[in-house]
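> Dropping the sequence and predicted coords here.
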Amino acid sequence: MKDYSALKLIREGLTGQKGWRPAWQTPEPKPSYQAVIIGGGGHGLATAYYLAREHGLKSIAVVEKGWLGGGNTGRNTTAIRSNYFYPESAALYDFSVRLYEGLSKELNYNVMFSQRGMMVTAHSHHDMEMAARQYNAMRINGIDAELIDADGVRRRVPLLNFRDDARHPIHGAVVQPRGGTGRHDAVAWGYARGADSLGVDILQNCEVTGIIKEGGRATGIETTKGVIRAEMIGATVAGHSSILADMAGFKLPIHSYALQAFVSEPLKPVLDTVVLCPAHATYVSQSDKGGIVFGGGLDRVPSYGQRGNMPVQEVVVGALTEMMPALAKVKLLRHWGGIVDVTPDSSPIIGPSGIDGLTLNCGWGTGGFKAIPAGGWLLAHHMANGRHHEISRPFDLARFTTGRLVDESAASGIAH
Amino acid sequence: MTRHAGAAIDASRKLRFTFDGRAYEGVAGDTLASALLANGVRIVGRSFKYHRPRGLWGAWVDKPNAIMEVSLKGSELPNCLATTTTLEDGMEARAVNAWPNARRDIKGGLDLFSRFLTAGFYYKTFIWPDWHLFEPSIRKMAGLGSVSLEHLDDYITDQSHDQCDLLVIGGGPAGLAAARESAEAGRDVVLVDDQELIGGSAYQAPDIEEQYPEDWVTSQRAAIETAGGRILSRTTAYGVYDHQLVALIETRAFGQTPRLTRMRARHALLATGAIDRPVTLPGNDTPGVMSLTAAREYFHRYGVLAGGCAALISNQTDAQTALAPLQAAGLEIQALDPADPDLKIAGARQTTGVTLRDRHIPADLVLTSAGRTPMVHLWRHAGGKLTWSDPLQAFLPDNQLGWMQAIGAANGTFDTDTTLAEARARATGATPPADQPEPIQPLWPRPGAKGRQWIDFQHDVTLKDVELAARENYASVEHLKRYTTLGMASDQGKTSNMAGLAAMATLQGKEIPQVGTTTFRPPFVPVPLAAWAGQHQRQLYHPVKRLALEPQHRDAQAALCEYGGWLRPGWYGAGEADTRIAHEARTARATAGLLDGSPLGKIEVMGPDATAFVNFMFYNTMATLKPGQIRYGFLLTEGGIVYDDGVVSCLGENHFLISCSSSHVDGVRGMLETWRQDGNDPDQIFVHDLTMHWATLTVTGPQARDIVETLGLEADLSSDALPHMRFATSTWNETPMRIARVSFSGDLSFELSLRSSMAPALWDHLMGETKKIGGTLLGIEAMSVLRAEKGYIMVGKDTDGETMPHDLGFTIPRAKKTAPFVGDRSLHTETANDPHRKQLVGLTVPDGAPPLATGAHVVSDAPRRSLGYVTSSYLSPNLDRPVALGLVENGAARLGEEVTIWHDETLSKATITAPCAFDPEGDRLHA
Amino acid sequence: MQRFPCPFCGLRDEREFHFVGELGKTRPDTSGPVSDEDWAHYLHMHRNEKGCVREVWMHTTCAELFAMERDSVTMEVLGTTQLRKDAS
């Protein structure tokens, strides 16, 4: 799995590119596996990879109803960051950032993790106080962070609105220098290639139609390509977690919503960092190709429709053009939607489903992409060991019964 | 080059423009592209990756290159498509991503390395030593136009709503015939066409229904308008959204913002036509290779003959007939067998012809078409399905959507007479006769063939890249697209997708329909962001709520700031803010202060079940409130978290007034309404939000009573008659007034409410009296200091998303209240009972130390961990020392304990105290 | 831009509506003991169906709650009814 290199590219360039092997195979399903992962997005592929790599499992399959990486992995705005408030979240997401930092080399696949910085702006005196609370929390949690003033913001992102009549004037920002963006498809493909090389069967176009339960234990799945037995099953089906739970006979604390994303036509570099403006509820970065990639809040209506809706488009684009007025004249190339799992505290669910043999990784809401390495690693850990890693323990489904929610969004917010 | 007659142009009106610094002349009605073509300019841009020279393939939206930065009269717009940009006098255009110009782009040398830069090469390298070392230079290479930081001041879009019985999308023969038929049948018809001159492909025909095309179009147009139909030209339907909403964008003069119309259509006919597919053969990206349709459009619309000597490579059976008028105008045409595998296009910067084995067929123009692809984008936006037509080798709408149907070329009907019959039938709801299309010979890419054959002309995706993707098993069409970037260019695959997926089908031994298409996503063409933003900018973006007394505050030199969505006085008077705030806070405690508290929520609840309802809504017991009494309380979420705090006044039997936080009025009203209707008998309770109707002025301070007494109210204001937490009504100037003795400052306070229109008179009176005794106007900031001195919380500042009422010291209802209330059960979970919960405390610093930073954390020493944080911190002007509030783990049990404070990497010390630092006995409150 | 028919005001823009929750949830009677599990189930668990859903919505401009049946994939509205028990 180490054959990607500049040297090999040159050699192949001279010999007609004939020597490249498939990044992954297209095997037929076997009747049974040690572990079956439902969902071939980033989290599912990463889980399979770590099960094979870290835990030595030899018989693993990933089943995907469409094409791998075709769910939210291929639909998000690619931000990677760990600027979280609570120690539980900080530990989870920073673990992910650390895995991302080594991922291209580990997978021998350039996932283009670009640590160009993640900036969260503050737009009032009170925002600055909250920014200080956030900044200090990050530093105490061992996360890199800077608290900068308006001049500092202006130096880094002159594109932001510094006009006198800006509706939400900029007072400063919290910056996480190690935050940034990655190439979303490459993360899925890199893990798929890595998992395949470790013997994982990646079964595309194979839709799960039922969960087989025997004596209260999940022992296999029914699919459009037949029954597949498994000693253990992991579910990583963001956007459709409730459907899977319904098949297995339980309910989840999840609503499905469409989250939209937008990209403009390519421009020469004009924005060097990822910017999130909470007052505008909008975030934006510029892709390596040059497109302005941005998004905002969820659609207003619970939905399984993987497409955008106009009112939210107007809100998000309106916010962007007030945030960065020079972009009003730039043209939008494409917009799309993905279906996200939204939990009551907007934090993920990792761990037992309540049905033996079936372990969950879901509920990432709008931020699952940045957590792919950690989500996969932790689900693999739980499946292989039958118990939580300390990092995933706070995200057990049981927290909705004990009340121990990890609610990042509620940790801030000012009222008068 | 001489101009022929063209339907769109007025050759007598000359327009000057420049391209890449050179001056040219066009005519009125030209696009930038047609004018350049007329001037013999063949290289109009460069490709994205290899910087290869690019000519004009299409004549309208099916153009993957010819992207320019254009400026005119101070407006500069990036990434304008030359084929759809109407020429205006004085335009300066520049090819993007090419330096110094499109003719001689120094990065053209990159093409020499193309064999190493195949699809996805960047996934396989730049891994060592680190991606960061390579990324900046790669970013600089990428991108098209550059965007200036200048904000175009008047670049604001008008947005409107509209509706119609029938929306006809596309003003070619099919659309015009359908619109006329429907309009004359009395329906409300709107026809949109994206060109200035409607008619679509009509001008390419020698005649339509025995009329010249111009005459036919004019007569249809007149008939439609006479029948009451509306025709919107230069208007593109760019997206179809839920519930039959079609988004329309009207292009205007250069530099003017487009107009957005959200059209709700009961029915729609899709008459968007079809475009030519490029033929995939070696050298097919050479400038001078043009689509068959484009050559006809340039001739018939713009009067430009694209060359002198053309080779024709097409599987369209009527191609030669179609080109007859061009031939008559002097274009020599040599048709070649499109299926011949040895065809190659010759030439580097401009085609010199076609080679066929050892033959060279000289030509300065190569006209190609591998068949026509119906424009089904909007059909797919609407959720319609596609079926594969074998005779036409194209995906067609299945026309099963109900409200939308495709007609004409968009439906695979290419013959004009058949199109007109189909359009008229569909327009009246009839089923058109079945069409028997003439089959075309399939003409798709031949994987394995030699030579560089382009699939995506902007992104430089060649057939070999598709082969590589297949070899590496990026076989799904979505993987193909994402791995090779095929179809992701500015034209979103209009010219490239079909060839790409056909090649992949062949490589996998599948039929094209088995491979399927990628998703069609809006917008159909790139649309300026301003279109979505509309007027939602500056003051109209997130508009603030404004006080009835704003003019009075401005007169008093208030610093108006936003608090919870309201524009309110932060402090008064010029000078240093901190000084002003301290002065106000000191004066208010020394004599009196006057505060505009109008945004305070005022929601009335009444009706036979009101008492039980309010008792259910609040954490605190409200059932025992007697008329005239006021009680402080919390509204919780069902999860037990403090959502808001406020006071409840009992105005009478089953009649309550809830004063919630100003920023929570809408939320509290929603909560009340939800519980009223879902779980209660809604006919027994009435919830009425009067926040905007009543203004509230607060007089606070030891001399507050003296000031209020000057109003000469009938009500007895003495502390015996109206003690703390009591309510009275009165009248002032014949207007009902409500008087509440509640206090957020900790001093004697009166909240006086009356209808908003009377607020200025009351303000003037109270301000005069306040000033007279040496009192002050009080802004929000000083009030925040006063309440912090008293340890009074602000929800959302001194609480967070975990805070429960017992964390704030309000423990009794949780322990004792027996009647159900919102959030009750959540106060007894494992987490709610956790002894380590964060609790509200006061924090003091050692003598002489500065105030703590709000947002500083209380930390444990080893291991370093956050135990909580400072939520409010001020230098108290009345105590002459810093005061602070915070949420700290198990804080209530740690009074007197010294703790470590972390702020900005620096440690300091503080002592945990009770929250209240000023007048803990409350003597002043009860004065 | 979807349009929902408020049973009281007629067809209105989706921006006037607020999603309240799934239809048919009953609050446990908290005047007696309620188990942690029952409470958590009431608070947090959802059917979250793909396809036909039945939900409670508020038309914020008239503040009335009503039940709506709709398709969560196609966004087609199948019908709305008043919440009031005596509604006919």
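On my side now, so go ahead.

> list the buried ones in whatever helix or strand B:Met504 lives in?
Taking DSSP states H and E as the criterion, the element that holds B:Met504 is helix B:497-508. By neighbour count on 16 or more other C-beta atoms under 10 Å in any protein chain shown, the buried set for helix B:497-508 is B:497-507. (C-beta placed from N, C-alpha, C; glycine too.)

> Equivalent analysis for stretch B:60-73, please.
Of the residues in stretch B:60-73, B:60-72 count as buried by neighbour count, 16+ other C-beta under 10 Å.

> Quick check: end-to-end length of it?
Stretch B:60-73 has an end-to-end distance of 25 Å (criterion: C-alpha to C-alpha, to the nearest Å).

> the helices in chain C, which residues?
C:36-44 (DSSP state H).

> Show me which residues of chain B are close to chain C?
B:241-243, B:245, B:262, B:264, B:383, B:638-639, B:669-670, B:673-674, B:677-679, B:682, B:687, B:818-821, B:824-826, B:829-830 (C-beta under 8 Å from any C-beta of the partner chain).

> one step back: within reach of chain A, which of the buried residues of helix B:497-508 are there?
Counting by C-beta under 8 Å from any C-beta, no member of these reaches chain A.

> can you narrow the buried residues of stretch B:60-73 to ones near chain A?
Of the buried residues of stretch B:60-73, not one also sits near chain A (C-beta under 8 Å from any C-beta).

> Now tabulate the residues you listed in a markdown table and tack on pLDDT and distance to A:Leu259.
A markdown table is the format used below for these (pLDDT from 0 to 100; distance: C-beta to C-beta, whole Å):
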| residue | pLDDT | distance to A:Leu259 |
| --- | --- | --- |
| B:Trp60 | 96 | 34 |
| B:Val61 | 95 | 29 |
| B:Asp62 | 93 | 32 |
| B:Lys63 | 87 | 32 |
| B:Pro64 | 87 | 30 |
| B:Asn65 | 90 | 33 |
| B:Ala66 | 94 | 35 |
| B:Ile67 | 96 | 30 |
| B:Met68 | 97 | 34 |
| B:Glu69 | 96 | 33 |
| B:Val70 | 96 | 35 |
| B:Ser71 | 95 | 37 |
| B:Leu72 | 95 | 38 |
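
> tell me which of those is nearest to chain C?
In terms of C-beta to the nearest C-beta, no member of those lies closer to chain C than B:Val61, at 25.0 Å.

> Ignoring the adjacent residues along the chain, who's closest to that closest one?
Leaving aside its chain neighbours, B:Val61 sits nearest to B:Val525 (5.3 Å; criterion: C-beta to C-beta, 6 or more residues apart in numbering or on different chains).

> dump the residue contacts of that neighbour.
B:61, B:81, B:84, B:194, B:236, B:238 (C-beta atoms under 8 Å, 6 or more residues apart in numbering or on different chains).

> Let's have those in CSV, adding secondary structure.
Conversion of the contacts of B:Val525 to CSV gives the following (DSSP: H, G, I helix; E, B strand; the rest coil):
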residue, secondary structure
B:Val61, coil
B:Leu81, strand
B:Thr84, coil
B:Asp194, coil
B:Thr236, strand
B:Tyr238, strand
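
> Quick check: the farthest pair among these?
Using C-beta to C-beta, the pair of the contacts of B:Val525 lying farthest apart is B:Leu81 and B:Tyr238, separated by 13.9 Å.

> thinking again about what came up before, and the helix holding B:Met504, what other elements does it pack with?
Secondary-structure packing of helix B:497-508 (3 or more C-beta pairs under 8 Å, 6 or more residues apart in numbering or on different chains; DSSP states H and E): strand B:454-456, helix B:463-471, helix B:477-484, helix B:512-515.

> Can I get these in JSON lines including distance to B:Asp105, mean neighbour count and mean pLDDT?
Shown next, in JSON lines, are those (distance: least, C-beta to C-beta, whole Å; neighbours: other C-beta atoms under 10 Å in any protein chain shown; pLDDT from 0 to 100):
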{"stretch": "strand B:454-456", "distance to B:Asp105": "17", "mean neighbour count": "30", "mean pLDDT": "97"}
{"stretch": "helix B:463-471", "distance to B:Asp105": "22", "mean neighbour count": "24", "mean pLDDT": "97"}
{"stretch": "helix B:477-484", "distance to B:Asp105": "23", "mean neighbour count": "24", "mean pLDDT": "96"}
{"stretch": "helix B:512-515", "distance to B:Asp105": "35", "mean neighbour count": "16", "mean pLDDT": "95"}
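
> Now distance to chain A too, for these, in JSON lines please.
JSON lines is the format used below for the helices and strands packed on helix B:497-508 (distance: least, C-beta to the nearest C-beta, whole Å):
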{"stretch": "strand B:454-456", "distance to chain A": "13"}
{"stretch": "helix B:463-471", "distance to chain A": "5"}
{"stretch": "helix B:477-484", "distance to chain A": "5"}
{"stretch": "helix B:512-515", "distance to chain A": "11"}
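
> Output these as TSV; include the columns distance to B:Asp807.
Formatted as TSV, the helices and strands packed on helix B:497-508 follow (distance: least, C-beta to C-beta, whole Å):
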stretch	distance to B:Asp807
strand B:454-456	60
helix B:463-471	58
helix B:477-484	49
helix B:512-515	60
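
> mind checking which of those is nearest A:Ser285?
Proximity to A:Ser285 (C-beta to C-beta) singles out helix B:477-484 among those, at 18.3 Å.

> which secondary structure elements does that closest one contact?
Against helix B:477-484 (3+ C-beta pairs under 8 Å, 6+ apart) you get helix A:184-197, helix B:463-471, helix B:497-508.

> From the contact counts, what lies against whatever helix or strand B:Arg16 lives in?
Assigned by DSSP H and E, B:Arg16 belongs to strand B:10-19. Counting contacts by 3+ C-beta pairs under 8 Å, 6+ apart, strand B:10-19 is packed against strand B:22-28, helix B:32-38, strand B:91-95.

> which of those sits most buried?
Comparing the helices and strands packed on strand B:10-19 by mean neighbour count (mean count of other C-beta atoms under 10 Å in any protein chain shown), helix B:32-38 comes out on top with a mean of 27.

> Would you give the sheet partners of the next helix or strand after that helix, along with the direction of each?
On the C-terminal side of helix B:32-38, the nearest following helix or strand under DSSP H and E is strand B:45-46. Taking DSSP bridges as the criterion, strand B:45-46 forms sheet pairs with strand B:53-54 (antiparallel).
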